[in-house]
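**Q** With the input below, show me the fold.
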Amino acid sequence: MKKTAYTFLSTLSMVSLSLSTTSYADTALNSVAPVGVKDTLSQVMTTKKLRVCSPGDYKPFSYDNNGKFEGIDNDLVNGLAKSLGTDVVMVKTSWSNLLSDFNADKCDIAVGGISISLPRQQQALFTEPYFVNGKTPLVRCPDVKKYQTIDQINRPNVRIVANPGGSNENFAKTALSNANLTMQKDNLVIFDEVAQRRADVFVTEAAEARVKQHEYKGVLCAVNPDKPLKSALNGWLIPNNDFRFKAYVDQYLNLEKLSGNLDTTINKWIPKD
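**A** Have a look, this model is predicted:
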């Protein structure tokens with residue numbers, strides 16, 4: 001009797017162990033999202049379409065080049081779609097409408113050099129950060145020494161420019177509230193405001209400042225991009241409460257980091273000089 005009971009318990013333990021070691025991927029793909037929570041992973045794999053929101057005006061992350069989106073984020077999101085066996089459908093938005101479009105279910109994920117911020121986090125999930133960035137002044141090259149610090153920029157006689165709807169506007173209106181601010185809604189031509197002497201400083205992210213320094217060589221210079229005025233992290237927006245999809249995308253980005261593909265992609269789009 002004792003031997004029979006022991007055999008039964010041993011068999012039961014083996015079955016339990018077998019069930020507990022089912023792969024995470026199998027569990028994620030076969031599980032059902034709680035009622036009322038969007039199951040983006042299942043939806044994308046069923047429709048074979050990954051809808052991606054992006055303003056498309058932010059080099060080096062995502063840039064709408066005559067209908068073809070390109071940059072760090074677009075290379076990465078193409079890899080994500082490939083892992084899911086789906087096509088990418090780009091959805092053009094703006095920084096002012098980014099969250100409203102995203103929460104209106106116009107897309108499954110949002111990319112494009114999005115800074116992880118607490119106000120955005122209140123309305124949606126973010127992936128784990130994949131890039132370290134930070135607020136960096138972009139100025140005319142002869143003026144680099146004049147605008148090294150927030151104190152040097154945050155003065156009434158300094159003309160600054162910012163684009164609406166994103167972290168650049170927030171930084172300009174909070175950290176640089178004493179400066180003479182002009183808003184420029186077109187992020188593609190905002191750099192000309194400084195180059196053409198209509199503004200003195202545009203504070204943007206270090207990655208974008210490096211790109212524009214390269215494009216406006218000898219005219220515009222990034223001020224200490226390795227030591228930004230305020231550090232920031234970039235991530236992708238995930239639908240609120242959809243932790244299953246977040247886990248999948250986080251794992252995809254982690255694997256890109258471990259393989260070295262993430263660094264390769266970043267170095268492809270950010271100039272060395």
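**Q** Tell me, how many residues neighbour residue 151?
**A** 8 (other Cβ atoms under 10 Å). In this view, the C-beta of every residue, glycine as well, is placed from N, C-alpha and C.
**Q** again but with residue 100, I slipped
**A** Residue 100: 12 neighbours (other Cβ under 10 Å).
**Q** so what's the closest residue to residue 235 other than its chain neighbours bridging to?
**A** Leaving out its chain neighbours, the residue that sits closest to residue 235 by Cβ to Cβ, 6 or more residues apart in numbering is residue 126, at 4.0 Å. Here residue 126 sits in beta bridges with residue 237, going by DSSP bridges.
**Q** Residue 88 belongs to a strand, doesn't it?
**A** Yes. Under DSSP: H, G, I helix; E, B strand; the rest coil, residue 88 falls within a strand.
**Q** max-length strand in the protein?
**A** strand 131-140 (DSSP state E).
**Q** Does that one pack against any helices or strands, and if so which?
**A** helix 167-174, helix 190-195, strand 201-205, helix 206-215, strand 220-222, strand 230-234 (3 or more Cβ pairs under 8 Å, 6 or more residues apart in numbering; DSSP states H and E).
**Q** and stretch 55-62, how far out from the chain's middle?
**A** 10 Å (Cα atoms, centre = their mean, to the nearest Å).
**Q** Let me fix that, I meant to ask about stretch 91-104.
**A** Using Cα atoms, centre = their mean, the offset of stretch 91-104 from its chain centre is 14 Å.
**Q** now swap in stretch 154-164 and tell me
**A** Using Cα atoms, centre = their mean, the offset of stretch 154-164 from its chain centre is 25 Å.
**Q** okay, now the nearest residue to residue 45 once chain neighbours are set aside: neighbour count?
**A** Among residues not flanking residue 45 along the chain, residue 84 sits closest, at 5.8 Å (Cβ to Cβ, 6+ apart). Residues lying near residue 84 (other Cβ under 10 Å) number 17.
**Q** if we can go back for a sec, in PDB, could you pull the C-alpha coordinates for the longest strand of the chain?
**A** Output in PDB follows, covering the C-alpha atoms of strand 131-140 (Å, rounded to 0.1, in the frame of the first residue of the first chain):
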ATOM      1  CA  PHE A 131      18.200  54.300 -25.700                       C
ATOM      2  CA  VAL A 132      19.700  56.800 -23.300                       C
ATOM      3  CA  ASN A 133      19.200  60.400 -24.500                       C
ATOM      4  CA  GLY A 134      19.000  63.800 -23.000                       C
ATOM      5  CA  LYS A 135      18.300  67.500 -23.500                       C
ATOM      6  CA  THR A 136      21.100  69.100 -25.500                       C
ATOM      7  CA  PRO A 137      21.300  72.700 -26.900                       C
ATOM      8  CA  LEU A 138      21.800  73.100 -30.600                       C
ATOM      9  CA  VAL A 139      23.300  76.400 -31.400                       C
ATOM     10  CA  ARG A 140      25.400  78.200 -34.100                       C
END
